[in-house]
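Enquirer: build me a model:
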Amino acid sequence: MSSEFHDRFISNTNPLKYSYEDHFIEAISYNCRYTGYNRLRPKRSFLTFSGFAETAGNTLYGASNLFLPMPDDGVYKIGKVAFSQFVKLDANLTYNHIISERHRIVYHAAAGVALPYGNSQSIPYEKRYFAGGSNHVRGWTARTLGPGAYRGDGSRIDYDNQAGDIHMDLSVEYRWRVWNFIELAAFTDAGNIWTIREYDSQPHGVFRWNEFYRQIAWSYGAGVRLDLSFLIFRLDLGVKLHDPSRIYYDSKQWRTASNKLNWKDDVAIHFAIGYPF
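Expert: Coordinates of the predicted model:
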């Protein structure tokens, strides 16, 4: 751990420090998945849904509260390690509209929330949401979008700070199979992440009903896919259209030629395996 990282995240009163300290997770989770795809009718449009629910720390908190006195800092521990307490809910919905054997439009919507309570002031780092990358808003590289209208100073340490407790993702993708194993795509993505609580180190990152819609990032792009039946290699190029980090910075959030759209800051290239949704 560098001294810079320690000074910014650990040795202060910022609630985000709990994301980088040792913690114990005792959790129970439930996954469900439904797909309307029918192998006997492959040309028929279909819907796919997946849901995830996880809760952590309730058993430990109940037992600790029953048998142990409340610690001075208000946090129960196992040995010297605090245990996390939170609930997390996720939902994904995808609709494949089959136009023909070679053409389809895929609609995708996803949302999730992770709420800390009881023994925790923040969600563990590995349980938080990140935005950007090959499966999210593809105008941004992985983990460089959000939360909200947050804008870092461009240093390496901001990469670790761009995490949230709420996420939303909306996409539309047109897929055209031009050859047996080659597919082209055009897409547009929208979404972002937000924090539940307001933190000084993440200005404009908290979710507010009267502001969140202005902080939705939007991008568009195109891609090519190599379908080997057992594996799909994907190359996507995404371009920023609406960048919420500029709302309070220079008011040039709409990334067009008039606002000096540039390849360095406004274009991202992604190589991935499998479809984004």
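Enquirer: what about the closest residue to Ile196 other than its chain neighbours, how many residues nearby?
Expert: Computed as Cβ to Cβ, 6 or more residues apart in numbering, the closest residue to Ile196 that is not its neighbour in sequence is Asp165, at 4.3 Å. C-beta coordinates here come from the backbone N, C-alpha and C atoms, glycine included. Using other Cβ atoms under 10 Å, Asp165 has 25 other residues around it.
Enquirer: phi, psi for Asp165 please.
Expert: For Asp165, the backbone dihedrals (degrees, to the nearest 10) come out as phi -110, psi -10.
Enquirer: and it, what is it in contact with?
Expert: Listed by Cβ atoms under 8 Å, 6 or more residues apart in numbering, the contact set of Asp165 reads 113-116, 123, 128-129, 193-197, 207.
Enquirer: how about a cut-off of 7 Å?
Expert: 113-115, 123, 128-129, 195-196 (Cβ atoms under 7 Å, 6 or more residues apart in numbering).
Enquirer: now the stretch 51-200 of the chain, which segments are flagged as low pLDDT?
Expert: Scanning the stretch 51-200 of the chain for pLDDT under 70 picks out 153-157, 159.
Enquirer: now the helices for it?
Expert: Counting by DSSP state H, counting those that start in this stretch, the stretch 51-200 of the chain has these helices, from start to end: 58-67, 158-161.
Enquirer: restricting to C-alpha, output the last one in CSV.
Expert: This means helix 158-161. Only the C-alpha atoms of helix 158-161 are listed here, as CSV (Å, rounded to 0.1, in the frame of the first residue of the first chain):
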residue,chain,number,x,y,z
ASP,A,158,-9.0,8.0,-9.1
TYR,A,159,-9.4,4.6,-10.7
ASP,A,160,-9.9,3.1,-7.3
ASN,A,161,-12.3,5.7,-6.3
